[in-house]
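# Here's my sequence, what's the structure:
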Amino acid sequence: MNDLIEITIGTPPWLPSEDAEAVVEFDRYNFPTCGIVRQRGKFFVFDCVDGHVMEGNVWVYAHVSADEAEMLMSASGAELLDALDAVFRGRPVMGVLAIDGKVRSGTVVSEEDVATKGIGQALLDELRKGRDVASETASALEDLVSA
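Residues are numbered from 1 along each chain as shown. Sure thing, here's the model as predicted:
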């Protein structure tokens, strides 16, 4: 069973695919930055973990059961923050880079990497891998164009 959210390039990260539906918003800064969406009948928690006021920002998504979604929706304050923190541990997550309010790329971050490195470092490592591949590809294209 695939418990990872599907993303669509070009969609807003708080609704990361054409079939994602907003369920609840926990926080916002000019746009929703933390909440729950439903996709294909499943619930996913999302959080903008960095870059709230920047051109680029990093988002993370984790599948939650209907019971977990209900528990999150009934929590508030420190209880909600602790529950959100727990949701992003112990399961694989989808990390997404958004630029100018649109999803640009995504990568799976394994449960093991989250457990051993923490969510921040695990996301950073995956973003760096993507940056390195993009840089190598751009260099190869530049060589091709200038040949």
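# For the residue nearest the centre of the chain, which three-state class applies?
Geometric centre of the chain, nearest residue: Val60, 2.3 Å, by CA atoms, centre = their mean. On the three-state scheme (DSSP: H, G, I helix; E, B strand; the rest coil), Val60 is labelled strand.
# That one contacts Val93, correct?
Yes - taking CB atoms under 8 Å as the definition, Val60 is a contact partner of Val93 at 5.2 Å. Quick note: C-beta positions are derived from backbone N, CA and C, even for glycine.
# mind listing what the residue nearest to the centre of the chain touches?
Phe46, Asp47, Val49, Phe88, Val93, Met94, Gly95, Val96, Val109, Ile119, Leu123 (CB atoms under 8 Å, 6 or more residues apart in numbering).
# what residues are shared contacts of Val60 and Val93?
Joint contacts of Val60 and Val93 (CB under 8 Å, 6+ apart) are Val109, Ile119.
# low-confidence ranges in the protein?
1-2 (pLDDT under 70).
# What are the boundaries of the helices in it?
All helices of the chain, identified by DSSP state H, fall at 66-74, 77-87, 111-117, 119-146.
# I'd guessed Gly95 sits against Trp59; true?
Yes - look at Gly95 against Trp59 with CB under 8 Å: they come within range, at 7.3 Å.
# Redo the helices of the chain as JSON lines? Include distance to Gly10.
JSON lines is the format used below for those (distance: least, CB to CB, whole Å):
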{"stretch": "helix 66-74", "distance to Gly10": "26"}
{"stretch": "helix 77-87", "distance to Gly10": "26"}
{"stretch": "helix 111-117", "distance to Gly10": "27"}
{"stretch": "helix 119-146", "distance to Gly10": "17"}
